[in-house]
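Student: A structural model of the following input is requested.
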Amino acid sequence: MTRRDDLYRMARKLARCPANDAVKLAYLTGEERKVLDGLDLSAVTEFKRTKDGGVELKFIDRMAAIKWLIETFGDAPEAKRLYAALEKSAERSGRGQKEEP
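Tutor: Here you go, the predicted structure:
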């Protein structure tokens, strides 16, 4: 496998990574923390526990990952399909609609 293939796989994973495990991480306590190795935390860029017991989570910018993926691998049919699927998803959730003035 080439470096290009590796970069494509990594960018695609970042663009599609779930946030569920990050939420699970926020609720882990004591003995439960041994499950950390099984969690997919690739979407998380920052995790903090506050002094009062709260949790702060920051996630990757998926659209930036997708933009990079398209700009770098735009000729790949897989990249185009991924972008189209995400656009449809955004439209369904209402985020893809333009705001009216």
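
Student: what's the first-to-last distance across stretch 55-66?
Tutor: 27 Å (C-alpha to C-alpha, to the nearest Å).

Student: what's in contact with stretch 37-51?
Tutor: Outside stretch 37-51, the residues that touch it by C-beta atoms under 8 Å, 6 or more residues apart in numbering are 13-14, 17-19, 21-22, 24-26, 55-60, 62. (C-beta placed from N, C-alpha, C; glycine too.)

Student: run the last query once more with 6 Å
Tutor: 17, 19, 21-22, 25, 55-60 (C-beta atoms under 6 Å, 6 or more residues apart in numbering).

Student: please identify the helix or strand for K58.
Tutor: Assigning secondary structure by DSSP states H and E places K58 in strand 55-59.

Student: what residues of that strand count as buried?
Tutor: By 16 or more other C-beta atoms under 10 Å, the buried positions in strand 55-59 come out as L57.

Student: please enumerate the strands of the protein.
Tutor: Secondary structure of the chain (DSSP state E): strands located at 44-49, 55-59.

Student: got the ones you listed as JSON lines, with mean pLDDT and distance to R9 columns?
Tutor: Formatted as JSON lines, the strands of the chain follow (pLDDT from 0 to 100; distance: least, C-beta to C-beta, whole Å):
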{"stretch": "strand 44-49", "mean pLDDT": "89", "distance to R9": "19"}
{"stretch": "strand 55-59", "mean pLDDT": "89", "distance to R9": "20"}
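
Student: right, so of those strands, which gets closest to L82?
Tutor: When the strands of the chain are compared by C-beta to C-beta, strand 55-59 sits nearest L82, at 18.0 Å.
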